[in-house]
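Peer 1: Kindly return the folded structure for what I paste below:
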Amino acid sequence: MKRPLILSIICVIGFLWVVITFPGVFSPSVKKLGVFMPAIYGLIVAATFISFIGVWHLKRWGMELYAISFFCKMLFFILTKTFEITSIAGVVFSVWFIITYLFFYKKMDANL
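Peer 2: Numbering: from 1, shown residues only. Sure, this is the predicted structure:
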């Protein structure tokens, strides 16, 4: 199956988004949250990147991993009280990505 154009656009936007957010793992604001917080946030960002690779290859696990990493990121922001008004744009894009993924979920490959 050929990848739909909208999924290609979402994946490119997602790859760029991860590249921009990855330096935040090493920011002083994340380091002052606790010893393990940079590692936890780094795992969430890495899971998001891996999920875009899965969606790029039209795998269901990519969409599922993206949804899980989105909810983990929201939980991280809520528990650490770091959810800012600037994060709303990220939430809007993430919800849009998930809704779009759901339209193509049945067409995605269930195998690894």
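
Peer 1: Show me what the helix or strand encompassing residue 96 is packed against.
Peer 2: Using DSSP states H and E, residue 96 sits in helix 87-104. Here helix 87-104 touches helix 5-21, helix 60-80, going by 3 or more Cβ pairs under 8 Å, 6 or more residues apart in numbering; DSSP states H and E. Heads up, the C-betas are built off the backbone N, CA and C, glycines and all.

Peer 1: Need the winner for burial among the ones you listed.
Peer 2: helix 60-80 (a mean of 17; mean count of other Cβ atoms under 10 Å).

Peer 1: quick one on the thing from earlier: among the helices and strands packed on helix 87-104, which is nearest residue 87?
Peer 2: helix 60-80 (6.4 Å; Cβ to Cβ).

Peer 1: Skip the chain neighbours and tell me the closest residue to the residue positioned nearest the centre of the chain.
Peer 2: Per Cα atoms, centre = their mean, the C-alpha nearest to the average position across the chain is that of residue 48, at 3.5 Å. Distances taken as Cβ to Cβ, 6 or more residues apart in numbering place residue 69 nearest to residue 48, at 4.7 Å, with adjacent residues excluded.

Peer 1: how near is that neighbour to residue 2?
Peer 2: Separation of residue 69 from residue 2 (Cβ to Cβ, to the nearest Å) stands at 26 Å.

Peer 1: Any stretches of the chain with poor pLDDT?
Peer 2: Residue ranges of the chain with pLDDT under 70: 85-86.

Peer 1: so residue 58 touches residue 101, yeah?
Peer 2: No - judged on Cβ atoms under 8 Å, residue 58 makes no contact with residue 101 at a distance of 10.5 Å.

Peer 1: what touches both of those two?
Peer 2: Counting by Cβ atoms under 8 Å, 6 or more residues apart in numbering, the residues touching both residue 58 and residue 101 are residue 7.

Peer 1: These two: who's more crowded?
Peer 2: Shown here are residue 58 and residue 101; by other Cβ atoms under 10 Å, residue 101 has more neighbours (21 against 17).

Peer 1: Contacts only, for residue 42.
Peer 2: Residues near residue 42 by Cβ under 8 Å, 6+ apart: residue 25.
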